[in-house]
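**Q** Need coordinates for the following:
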Amino acid sequence: MTTMAAQQESTLVHRKLPPSNLSIPDVLADSPRRMHTPSPLGRRRSGCLAVGPGEASSEVERQGVTNAAAALIGPRRSLLENLHHSYRESVEVLGFTITLLRALGFGYKWIIKAWSLVVFAILLMPGFLQVVWFYYTSPQVYRSLVYGTKARNRLDLYMPPGHLQRPRPVVVFVTGGAWVIGYKAWGALLGRRLANRGVLVACLDYRNFPQGSVSDMVADISTGIEWVLLNIGEFGGDPGRVYVVGQSAGAHLTALALLRQAIKEAELEERSANGPKHVRFRDAAPAKLEDRFGPPDPSQATAPENPTLSTSSHTSSEPPANSNGNASNGEQAKASPRNGVMKTAPNGPQERGGRELDWYASQLRAYIGVSGAYDIEDMLEHWHHRGLYKTIMLTLMEGRHCLPGYSPTVLARKAFTDKRRDAGPLLPPITLLHGTADRSIPHHASLMFAAALREAGAAATVKLYQGKTHTDPIIEDPMRGGSDPMVEDILAVMKADNLDFRKEPVPSLPKERMLPELLIELATAASPF
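**A** Numbering: from 1, shown residues only. As a prediction, the model looks like this:
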């Protein structure tokens, strides 16, 4: 590994990861024939070009991130550079949209929905412009950090204001967009509100259709979660307190990624039954970076002036301390989060052939799904009548025969109970939030998914928002100012999970409205969602 790392460009992060050799539909297949095999993840970059000494912004220095994180962030773009970057991304998305239209075509229902979306956006534009200004000018936002080698493998980080005195809890947010129009900036409202409450938020971008199919989207999200788990400590986040939140299509994709990792982890436990005990990360989560990674290595205690973002060649002869201070079998020492080197994947229990899991479901503290679609086959007719036609869904879901394997409810009900009964307990606690007035994805989707999860042995709860639509929790409610039910529920999950966070004084959300209530009500009436 050291030899290979030395051959790479010194300014890039390279980590060897296992190929994704388990496709989700394979779990449900009765025969050894594979319905679909996602492309191998191969070697990924988990960072971008480093910058020279002194190039990091003063905001970065004030927020107390490490040298490696400052190098990863790089110099802050000017407003004109940001606008040019947005223009290039818009042109790219427009090209894919034209390709989609030419390949599949659309009926009148989709055209009506598209115009409704335009009206919805125009009515809320004064609020959206405030979010755009914050997104491009706030020193709290680090945009477009590279987490992988594929197109759109980028994430935005929303930092709590001020200097971080202690490692902060982390939310990984995956936005929706009907698998077609999702974008990381859609999470700016949630990112700002959670960051102002002391939470570090990572909003993942991922390939949309037709740039990628569902397996590509799941692979991107899995890569992004792994990057956060490995490297968020460099930015002041606590890798032992990572929570995943997905909304709409993002809830579907994150649920798939989570279930897939639990199945793989259960298989790993089964294979290691006669060997070293598999340590579940969630059994005892650390509150300090020292507890997670062990004390800093004396030989690397001084961070280099111009840190090289590459895999560390240092390994310890002793296993690191786990969160209880005891050595955990099967894990080799990781680089200190302070030594200017981005961390490599934990070695942990090995899969066959020396391969390792990229991350573990039991590393996550909780999963929160908002307005999610969890049974694609069940929703197919409903979406078709609303203008999201079967031809589109069956193409991006890689064919009708793959629908059961890409439906988290079916996967939990059949794969977990019939073939992998030991996978359910590996899942983190799951909370599903859904509005009862959701027309895009009726709330019974969350009720059915929770029932399947509980049947599989997972801890799952549902909270219904009476009278709330598909977009109320993520757009309209935050624009109203004051109390935000979804933010409060996310924080409640985090506080119930961690006593220290529960005791911290939490600032209240700003009460200023972003828009008059009349505009919000008109937008809700015009919403295509």
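
**Q** does Glu226 really touch Ala361, like I thought?
**A** No: using Cβ atoms under 8 Å, Glu226 is not in contact with Ala361, being 12.0 Å away. For glycine as for every other residue, the C-beta is placed from the backbone atoms N, C-alpha and C.

**Q** quick one: the strands in the protein?
**A** With DSSP state E as the criterion, the chain has strands at 15-16, 43-44, 141-146, 154-158, 168-174, 200-204, 237-247, 366-370, 430-435, 460-465.

**Q** can you list those strands in CSV and add distance to Leu123, mean pLDDT and mean neighbour count?
**A** Shown next, in CSV, are these (distance: least, Cβ to Cβ, whole Å; pLDDT from 0 to 100; neighbours: other Cβ atoms under 10 Å):
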stretch, distance to Leu123, mean pLDDT, mean neighbour count
strand 15-16, 45, 34, 18
strand 43-44, 41, 32, 16
strand 141-146, 25, 92, 21
strand 154-158, 25, 95, 24
strand 168-174, 25, 96, 27
strand 200-204, 24, 97, 28
strand 237-247, 21, 95, 26
strand 366-370, 22, 97, 26
strand 430-435, 19, 97, 25
strand 460-465, 21, 96, 17
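
**Q** out of those, which comes closest to Ile475?
**A** For Ile475, the closest of these is strand 237-247, at 10.2 Å, according to Cβ to Cβ.

**Q** can you list the weak-confidence ranges in the stretch 351-500 of the chain?
**A** Of all residues in the stretch 351-500 of the chain, those with pLDDT under 70 make up the ranges 351-356, 416-421, 499.

**Q** what about 80?
**A** 351-357, 387, 415-422, 482, 498-500 (pLDDT under 80).

**Q** these two touch, right, Val218 and Leu259?
**A** No: look at Val218 against Leu259 with Cβ under 8 Å: they stay out of range, at 10.0 Å.

**Q** Now Pro161. Nearest residue, chain neighbours left out?
**A** Gln140 (6.2 Å; Cβ to Cβ, 6 or more residues apart in numbering).

**Q** one step back: is it possible to get a markdown table of the strands of the chain that adds distance to Tyr183?
**A** Shown next, in a markdown table, are the strands of the chain (distance: least, Cβ to Cβ, whole Å):
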| stretch | distance to Tyr183 |
| --- | --- |
| strand 15-16 | 26 |
| strand 43-44 | 21 |
| strand 141-146 | 11 |
| strand 154-158 | 10 |
| strand 168-174 | 11 |
| strand 200-204 | 9 |
| strand 237-247 | 12 |
| strand 366-370 | 17 |
| strand 430-435 | 21 |
| strand 460-465 | 24 |
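
**Q** To Tyr389, which of these lies closest?
**A** Evaluated over these, closeness to Tyr389 peaks at strand 237-247, with 22.5 Å, by Cβ to Cβ.

**Q** Okay, angle between that closest one and strand 366-370 too, please.
**A** If you take axes from the mean of the first three to the mean of the last three Cα atoms, to 10 degrees, strand 237-247 sits at 30 degrees to strand 366-370.

**Q** CA atoms only for strand 237-247 - export them in PDB, please.
**A** Output of strand 237-247 as PDB, limited to C-alpha atoms (Å, rounded to 0.1, in the frame of the first residue of the first chain):
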ATOM      1  CA  GLY A 237     -16.800  17.100  13.500                       C
ATOM      2  CA  ASP A 238     -17.100  14.000  15.700                       C
ATOM      3  CA  PRO A 239     -16.900  10.800  13.500                       C
ATOM      4  CA  GLY A 240     -18.500   8.900  16.400                       C
ATOM      5  CA  ARG A 241     -21.700  11.000  16.200                       C
ATOM      6  CA  VAL A 242     -22.700  10.900  12.500                       C
ATOM      7  CA  TYR A 243     -26.400  10.900  11.600                       C
ATOM      8  CA  VAL A 244     -27.800  10.400   8.100                       C
ATOM      9  CA  VAL A 245     -30.800  12.400   6.900                       C
ATOM     10  CA  GLY A 246     -32.400  11.700   3.500                       C
ATOM     11  CA  GLN A 247     -35.400  13.500   1.900                       C
END
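
**Q** now that strand and strand 154-158, what's the angle there?
**A** Strand 237-247 runs at 110 degrees relative to strand 154-158, counting by the same axes, to 10 degrees.

**Q** In terms of secondary structure, what does strand 237-247 contact?
**A** strand 168-174, helix 214-231, helix 249-271, helix 289-293, strand 366-370, helix 485-497 (3 or more Cβ pairs under 8 Å, 6 or more residues apart in numbering; DSSP states H and E).

**Q** wait, which of these is closest to Ser407?
**A** Of all those, helix 249-271 sits nearest to Ser407, with 8.5 Å by Cβ to Cβ.

**Q** Report the buried residues of that closest one.
**A** Within helix 249-271, the residues that qualify as buried are 249-269, counting by 16 or more other Cβ atoms under 10 Å.

**Q** In this structure the residue nearest to Pro161 contacts Arg193, no?
**A** No: Gln140 lies out of contact with Arg193 (Cβ under 8 Å); the separation is 11.6 Å.

**Q** hmm, back to that, out of the helices and strands packed on strand 237-247, flag the one nearest Phe120.
**A** Of the helices and strands packed on strand 237-247, nearest to Phe120 by Cβ to Cβ is helix 249-271, at 17.4 Å.

**Q** for the closest one, packing partners?
**A** By 3+ Cβ pairs under 8 Å, 6+ apart, helix 249-271 packs against helix 24-28, strand 168-174, helix 214-231, strand 237-247, strand 366-370, helix 408-410.

**Q** how about those in CSV, adding distance to Leu432?
**A** Compiled in CSV, the helices and strands packed on helix 249-271 are given as follows (distance: least, Cβ to Cβ, whole Å):
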stretch, distance to Leu432
helix 24-28, 20
strand 168-174, 15
helix 214-231, 18
strand 237-247, 10
strand 366-370, 5
helix 408-410, 11
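
**Q** Which one, of the ones you listed, ends up nearest to Gln466?
**A** Nearest to Gln466, of those and by Cβ to Cβ, is strand 366-370 at 15.5 Å.

**Q** So which residues make contact with that closest one?
**A** Residues from elsewhere that reach strand 366-370 (Cβ atoms under 8 Å, 6 or more residues apart in numbering): 243-248, 251, 254-255, 258, 427-434, 446, 449, 473-474, 486, 489-490, 493-494, 497.

**Q** Pull the contacting residues for Leu464.
**A** Contacts of Leu464 (Cβ under 8 Å, 6+ apart): 434-436, 443, 446.

**Q** ok, now how distant is it from Arg413?
**A** Leu464 sits 21 Å away from Arg413, taking Cβ to Cβ, to the nearest Å as the criterion.

**Q** Could you do Tyr136 as well?
**A** For Tyr136, the distance to Arg413 (Cβ to Cβ) stands at 44 Å.

**Q** Compare the helices and strands packed on helix 249-271 and give me the one nearest Ser116.
**A** Closest to Ser116 of the helices and strands packed on helix 249-271 is strand 237-247 (Cβ to Cβ; 19.4 Å).
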